[in-house]
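Participant: Just to be clear, the model below is a prediction. Sequence and coordinates:
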There are 2 protein chains.
Amino acid sequence: MPKATIRDVAARAGVSTATVSRALSGARPVSPEVAELVRRAAADLGYSGNGIASALRRNRTDTVGMVVPSIANPFFTALVESVEHALQDAGQQLFLCSSRSDPALEAQRLRSLVARQVDGIVISPVHGTESTEAVAWAARELPLVQVDRYVTGVDSDWVGVDDDTALRLVVDHLAGRHVRSAAFVSSQLTNSSTELRLAGFQQHTDRAGIAVEDGQVLLGEYSIAWGRTAGERILRSAHRPDAVVCADDLIAFGVLQACHDLGLDVPGDVLVTGFDDIPYAALSAPPLTTIHQPQEQIAAEAVRLLQRALGREAGPPTRIALPPDLVVRQSTGR
Amino acid sequence: MPKATIRDVAARAGVSTATVSRALSGARPVSPEVAELVRRAAADLGYSGNGIASALRRNRTDTVGMVVPSIANPFFTALVESVEHALQDAGQQLFLCSSRSDPALEAQRLRSLVARQVDGIVISPVHGTESTEAVAWAARELPLVQVDRYVTGVDSDWVGVDDDTALRLVVDHLAGRHVRSAAFVSSQLTNSSTELRLAGFQQHTDRAGIAVEDGQVLLGEYSIAWGRTAGERILRSAHRPDAVVCADDLIAFGVLQACHDLGLDVPGDVLVTGFDDIPYAALSAPPLTTIHQPQEQIAAEAVRLLQRALGREAGPPTRIALPPDLVVRQSTGR
DNA sequence: TCGTCAAGAGCAATCGATTACATTCTCGTT
DNA sequence: AACGAGAATGTAATCGATTGCTCTTGACGA
């Protein structure tokens, strides 16, 4: 038994397909009796419409594609969930893709989303330069909003957090804890926010008179494993710093593990800070002082920008840097 | 400048649209010269095809919908990622929906997926009975595979873990640690695996001679907050048990927090176990003994079953219970 | 009574790609 | 030389819903 089409419903209700379409979508007025007749016929046949055919004709899929570097990273997970929620209110659905931190896979995902005619794209690009070409191309084809990270040289909307302010909050907090020297652990400088965080760290430690020894800025990747490796290297070095500032919470978890492995007390022997405030940040041993990102707000703004772009073509690219919050927990003091 | 269509490509290459279609998809042989001509014309125009039109004609979207109760739960996140990976090899994409543990929203998501003509659905149903109607309906419309949890009364494929074996492993391990009494913290019995885990706990503690006092089985929800509440209640009771068995890792994290708050040592004063082996299970204080779920395998089997159902209509529903592993960490001993 | 107008409904074109069927052409075979 | 097979290509129907345009009908004002 093949699926019922609008033609079947029309036949059963004794009206034309045009009337069925109008009765069910409410696009144009239909007399109440006919509307009821159509509704009943549709229900009887279990008619549920063909979104594909509708999308083809209307040239609109009511679907937004989202591409993130990793679904496993709780920060992106939270962001995805927030975006999905925000879209729901606009009657749109989310097409989720993971680029697995691979620019080639990312490009493929973007091509696929464009070919599938999504109405717009929300992306957190993998790489500051290697992602540029694909993102620029997609932005030419469709409304596109970058979130969290952005690639250089693409005129698209962007929503993220103010990384410089975030590092000022962290560094000033550490200075208030009488920290005299600090190390920084991050990922390779392959994307915008990683660069901004390092720049902020350097500028604000300098300003606050906190020493950063040579070799105490380690770049690897956003993972617990790297945090552990880097943490061991830093904490075993001749000049152990008073604090380790990490570019995300996963790295900070790894550093905390390294402290534990080496028998160092946090915050007694060394202070540790993270970035993102993922849900597990409150659960580590000790709970992590970190920067809270307003993901719901990031998501809401991103969706708003997308809707705006969908409406009319005009408008210069908008860049929104939202203010971060510092969440103080025990990794930087009692 | 509107997007290029197959007609534009055909005109530029001086061939028919049929030839363009065949040249680009390789569905039927085309002479090498013409193929090259078409490829060049397509490249010149930046032609990227219209997946919607293609899907309408072929009656296939190469897209699979997935519905999970929560994107925030790392277990589901890992599962989603694994499914996405498995689908990639089959040339399909993932349409992700979160039901937010709400059967009504879940039903809406399913309707939406069916209307969008996905080729199949992978779902972890929210509720053992309240999800039944929507899942049964969707299963009638499309190939559908349930993962992890399942609803009763729907003849569909299912892939999950063997919950009974899992609890046998946990309980036997605790018995080996000379545990004489235990408590159990889980979510409300609203779905299959929750029920099976409780049943397994009761059966195996009984068999192993481990006492379970009245009021030491607490049912709430799968969250850290609930674990903390339940943990406090259990650990403050007159007969504090030797061990607390939790139905998932999030609950176990909450129980660990409660132990910490009450100044109890784990594993000195009480042993704690989890379920799922999410990535953070190794990072808690102390690291959590838990059941490892083979998500990659669950995902691979789910996708395989889906492909099979896509191929031919026949075949009775298959239920695959994969064997779990016990991962022993410090929450049950040094 | 007639003309005007609007509401309600239908006809048929349309969206863009795929594909059944038809056509043309080239070989090879007898 | 005639015929048939098969490769390459074209023509046009098709997928299912939407919508511009047209037609009918009834109400209302002049």
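Facilitator: That came through fine. Given the structure is predicted, the values throughout are model-derived calculations rather than measurements.
Participant: C-alpha only now, for contacts and for neighbours.
Facilitator: Noted.
Participant: how about A:A230, what does it touch?
Facilitator: A:185, A:218, A:255 (Cα atoms under 8 Å, 6 or more residues apart in numbering or on different chains).
Participant: what about 7 Å?
Facilitator: For A:A230, the contacting residues are A:185, A:218, by Cα atoms under 7 Å, 6 or more residues apart in numbering or on different chains.
Participant: tell me the pLDDT at it?
Facilitator: Note for A:A230: predicted pLDDT of 97.
Participant: Quick check: which element contains it?
Facilitator: Here A:A230, judged by DSSP states H and E, is contained in helix A:224-236.
Participant: Figure out how far that helix is from the centre of its chain.
Facilitator: 26 Å (Cα atoms, centre = their mean, to the nearest Å).
Participant: Check which helices and strands the worst-scoring helix or strand of chain A on mean pLDDT sits against.
Facilitator: Counting by mean pLDDT, DSSP states H and E, the weakest-scoring helix or strand in chain A turns out to be strand A:93-98, with a mean of 88. When contacts are defined as 3 or more Cα pairs under 7 Å, 6 or more residues apart in numbering or on different chains; DSSP states H and E, strand A:93-98 packs onto strand A:63-68, helix A:74-89, strand B:93-98.
Participant: thinking again about what came up before, what pairs with the helix or strand just after the helix holding A:A230, and is each one parallel or antiparallel?
Facilitator: For helix A:224-236, the succeeding helix or strand toward the C-terminus, using DSSP H and E, is strand A:243-246. Sheet pairing here is set by DSSP bridges, and for strand A:243-246 it gives strand A:182-187 (parallel), strand A:271-273 (parallel).
Participant: near DNA strand D, which residues of chain A?
Facilitator: A:5-7, A:17-19, A:21-22, A:25, A:27, A:48-51, A:53-54, A:56-58 (Cα under 7 Å from any atom of the strand).
Participant: domain ranges for chain A?
Facilitator: For chain A, automatic domain parsing gives the domain ranges A:6-49, A:63-161+A:295-323, A:163-292+A:327-332.
Participant: remind me which residues of the stretch 1-150 of chain A are low pLDDT?
Facilitator: Across the stretch 1-150 of chain A, the ranges flagged by pLDDT under 70 are A:1-2.
Participant: Return the residues of it in contact with DNA strand C.
Facilitator: Contacts of the stretch 1-150 of chain A with DNA strand C, taken as Cα under 7 Å from any atom of the strand, map to A:14-19, A:29-31, A:33-35, A:53, A:56-57, A:59.
Participant: Identify those among those residues that sit within helices.
Facilitator: Among these, the ones falling in helices (DSSP state H) are A:17-19, A:33-35, A:53, A:56-57.
Participant: Quickly note the distance from A:S156 to DNA strand D.
Facilitator: Using Cα to the nearest atom of the strand, to the nearest Å, we find A:S156 at a distance of 28 Å from DNA strand D.
Participant: what sits against the residue nearest to that residue when sequence neighbours are not counted?
Facilitator: Excluding its sequence neighbours, the residue lying closest to A:S156 (Cα to Cα, 6 or more residues apart in numbering or on different chains) is A:P317, at 5.1 Å. For A:P317, the contact set (Cα under 7 Å, 6+ apart) comprises A:155-157.
Participant: Reformat those residues as CSV; add pLDDT and neighbour count.
Facilitator: As requested, the contacts of A:P317 are exported to CSV (pLDDT from 0 to 100; neighbours: other Cα atoms under 10 Å in any protein chain shown):
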residue, pLDDT, neighbour count
A:D155, 86, 17
A:S156, 91, 20
A:D157, 94, 22
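Participant: all strands for chain A, in order.
Facilitator: Assigned by DSSP state E, the strands in chain A fall at A:63-68, A:93-98, A:120-123, A:144-147, A:157-161, A:182-187, A:217-220, A:243-246, A:271-273, A:290-292, A:319-322, A:325-327.
Participant: can I assume A:P125 is in contact with A:Y150?
Facilitator: Yes. With contact defined as Cα atoms under 7 Å, A:P125 counts as touching A:Y150 (6.1 Å).
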